[in-house]
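K.L.:
what would the 3D arrangement of this be:
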Amino acid sequence: MVWIHFGFPAMNVLLQALLLLCIARLWLMPLPSSFWVDEMVTAFVVRFGPTHPSLAVAPQVPASIYYVLPRAAGALFGFSEIAYRLPSVLAMAIALFLIARLAARLICPEAAWFAVFACLALRGINYHAADARPYALGTCVAAASLLFLVRWLDSGGWDEALLFAVFAALVWRVHLIFWPLYLLFAVYALLRLVRGDTRAGWLRAGVVFLLVGLALAPVLRDALPLFREAKAHVIVPPPSALDLVYSLKIGLIAVCGAGAWVLSRVFRSATDRPAASWASLTLILGWWLCHPLCLFGFSWLTGDSVFLSRYLSVALPGAALTATMAAAFFIQSRHWKPASVVLGAGLLLLLGDWHHPWPPHSNSDWRAAARKVNELALGPETPVIYPSPFIEARPPAWRPDYPLPGFLYAHLLVYPVQGKAYLFPFQDSPEADHFAASLSTQVLSASRRFVIFGGDQNVHFWRDWFAVRHELEGWRHIDLGPFGDVDAVLFERPRNAVRLELPATLAPAPGTPAPHGSDRGARDRPGGSGGRRSSPLPSLREGCFG
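P.N.:
Purely as a prediction, here's the structure:
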């Protein structure tokens, strides 16, 4: 059993190879797959900038420094799913390194590899590593903030203090939902100051936190108006206790702790490391618990639920470090690397999605759905109904003549389809029913066929709505999908029906894309599913990806 010694070179090579395999399978192979709807918002913001008038309905969407990264990637590599997702891969890789350094510092030096694989055992970490959204960058900046906070309080040096202040000031600029991290920064620093467990005195700490506060003042000024209109952007119901428990990833912690205990029984060994300090426990448990508990409480106290898995992603490294700490109660130093190999091999086997040669990034295949509709060779006058995948698409922001391009139909920029666009809102409403009835009577009944294209539940709602219209009696409808949580339905006139003349009273949406077009992930809906580049994107006529 000499091979299990943590210093044996072959073990390090094995760990590095296993890490590369995990990153290749879990992060890199999903990169070419279709964008989901929020990633298409990234494309919209990058192309049109954060000041585009249509973004006024959701001002929180462009409020992030993240968009500088996909804009730079697009300038370097052109517009593609891979190019826009690469910054997240790099950010999460840096985050893994920082988390490993924290594990080595807070738990024990030999635990770094285990902490890395514990992160990779969390689906959320892998998902956001390949996602063209701000969450991987947020994880990276949060990890950097905490590492420099620990190093500053250990050394008392100004270099680490200023680095902490810089990264802490960036956290809220990545995403406004990351505000609970500032409670963690303050509690951890306060605990160490009260216990006298730091070389940084009260005065220096006060100066550093004052700098952070001053740097955040402009963000706070801009965030307060958004708080007042938060209810307009709520997309999930208040979380249940079960939702909170699930968000804590207790399964991973239990498996790592129990597995380490079994390993200690098999080798009849006990940990040879002292228990982590109270300060270390506070930081690790705080990173794990602070964000979920704060968002859970905020959701219930205000009635504006923000308890979404992607908003909780910044706490996932805390769960991984807690799992590593649970294992540390039983693992000897020389057993950390073999245990890391077992954990890495297990997660690769279980999370590798081996029934897909190239695993998809998400369950939203807008690209395949658009390709399928384009295979129908729809004429330029064929009606195509687009229910918006965004909850903000409701009157008065939504109207039948909503100008394109616009945020509420950002997906038409990336994966446009042939035909003449008729824009529908996110939810059913009297205005939507009136528009749909007029469209059905005056336009659809005079057409030979039409298509409904969007999130699956939205599409199915309007499919069933049009299927019972008397002017469309006898028409058949064909589901062209599903494509994950995206769908398209083709309606066709029976061959022996009389074709009416198409009146000109209903115009298509202004700026309708010429020939050649996700549901917003966790957005539950009644009747619905759950910086600029230096060179311009392809035109709407060409489509971004062909």
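K.L.:
where does the stretch 351-500 of the chain have low pLDDT?
P.N.:
Within the stretch 351-500 of the chain, the ranges that satisfy pLDDT under 70 run 496-500.
K.L.:
where along it do the helices fall?
P.N.:
For the stretch 351-500 of the chain, the helices defined by DSSP state H, counting those that start in this stretch occupy 366-374, 411-414, 430-442, 456-467.
K.L.:
of all those, which one is nearest residue 55?
P.N.:
Proximity to residue 55 (C-beta to C-beta) singles out helix 411-414 among those, at 13.2 Å. In this view, the C-beta of every residue, glycine as well, is placed from N, C-alpha and C.
K.L.:
in that closest one, what counts as buried?
P.N.:
Neighbour counts over helix 411-414 (16 or more other C-beta atoms under 10 Å) mark 411, 412, 413, 414 as buried.
K.L.:
hmm, back to that, quick one, which of the helices of the stretch 351-500 of the chain is nearest to residue 200?
P.N.:
helix 411-414 (48.3 Å).
K.L.:
using CSV, write out every CA atom in the closest one.
P.N.:
C-alpha atoms of helix 411-414 as CSV (Å, rounded to 0.1, in the frame of the first residue of the first chain):
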residue,chain,number,x,y,z
HIS,A,411,-34.0,34.8,-28.3
LEU,A,412,-34.9,36.0,-31.8
LEU,A,413,-31.5,37.6,-32.1
VAL,A,414,-29.6,34.3,-31.6
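K.L.:
for that helix, packing partners?
P.N.:
When contacts are defined as 3 or more C-beta pairs under 8 Å, 6 or more residues apart in numbering; DSSP states H and E, helix 411-414 packs onto helix 37-48.
K.L.:
can I get the CA coordinates of the helix or strand that comes right after the helix it packs on in PDB?
P.N.:
Sequence-wise, the next helix or strand downstream of helix 37-48 (DSSP states H and E) is helix 68-77. The C-alpha trace of helix 68-77 is given here as PDB (Å, rounded to 0.1, in the frame of the first residue of the first chain):
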ATOM      1  CA  VAL A  68     -17.200  42.800 -20.200                       C
ATOM      2  CA  LEU A  69     -16.000  39.200 -20.400                       C
ATOM      3  CA  PRO A  70     -18.200  37.800 -23.100                       C
ATOM      4  CA  ARG A  71     -17.800  41.000 -25.100                       C
ATOM      5  CA  ALA A  72     -14.000  40.500 -25.000                       C
ATOM      6  CA  ALA A  73     -14.400  36.800 -25.800                       C
ATOM      7  CA  GLY A  74     -16.600  37.600 -28.800                       C
ATOM      8  CA  ALA A  75     -14.100  40.200 -30.000                       C
ATOM      9  CA  LEU A  76     -11.300  37.600 -29.800                       C
ATOM     10  CA  PHE A  77     -13.100  34.400 -31.100                       C
END
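K.L.:
from the chain's centre, how far out does the helix or strand following helix 68-77 sit?
P.N.:
For helix 68-77, the following helix or strand on the C-terminal side (DSSP H and E) is helix 81-106. Computed by C-alpha atoms, centre = their mean, to the nearest Å, the separation of helix 81-106 from the middle of its chain amounts to 15 Å.
K.L.:
pretty sure residue 494 sits against residue 477.
P.N.:
No. Between residue 494 and residue 477 there is no contact under C-beta atoms under 8 Å: 11.7 Å.
K.L.:
these two: which has the busier surroundings?
P.N.:
When residue 494 and residue 477 are compared for neighbours, residue 477 comes out ahead with 17 against 9, by other C-beta atoms under 10 Å.
K.L.:
what pairs with the closest residue to residue 444 other than its chain neighbours across the strands?
P.N.:
Leaving aside its chain neighbours, residue 444 sits nearest to residue 450 (5.3 Å; criterion: C-beta to C-beta, 6 or more residues apart in numbering). Bridge pairing for residue 450 (DSSP bridges) gives the partners residue 491.
K.L.:
got the contact list for residue 450?
P.N.:
Neighbouring residues of residue 450 by C-beta atoms under 8 Å, 6 or more residues apart in numbering: 382, 383, 384, 385, 419, 444, 490, 491.
K.L.:
one more time with 7 Å
P.N.:
Counting by C-beta atoms under 7 Å, 6 or more residues apart in numbering, residue 450 makes contact with 382, 383, 384, 385, 444, 491.
K.L.:
quick check: residue 314 is in a helix.
P.N.:
Yes. Per DSSP: H, G, I helix; E, B strand; the rest coil, residue 314 lies within a helix segment.
K.L.:
so where's the protein uncertain?
P.N.:
Residues of the chain meeting the criterion pLDDT under 70: 1-8, 230-232, 270-275, 496-546.
K.L.:
what about the residue nearest the centre of it, distance to residue 236?
P.N.:
Note on the chain: the residue nearest the mean C-alpha position is residue 310, at 4.8 Å, using C-alpha atoms, centre = their mean. In this view, residue 310 and residue 236 are 11 Å apart by C-beta to C-beta, to the nearest Å.
K.L.:
residue 322 too?
P.N.:
25 Å.
K.L.:
between the two, point out the one with more neighbours.
P.N.:
Using other C-beta under 10 Å as the criterion, residue 322 and residue 236 rank with residue 322 on top: 24 against 17.
K.L.:
from residue 380, how far off is that one?
P.N.:
Distance, residue 322 to residue 380, by C-beta to C-beta: 57 Å.
K.L.:
that older thread, can I get the contacts of residue 450 in TSV with neighbour count and distance to residue 55?
P.N.:
Formatted as TSV, the contacts of residue 450 follow (neighbours: other C-beta atoms under 10 Å; distance: C-beta to C-beta, whole Å):
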residue	neighbour count	distance to residue 55
382	19	30
383	23	27
384	25	24
385	24	24
444	24	31
491	21	33
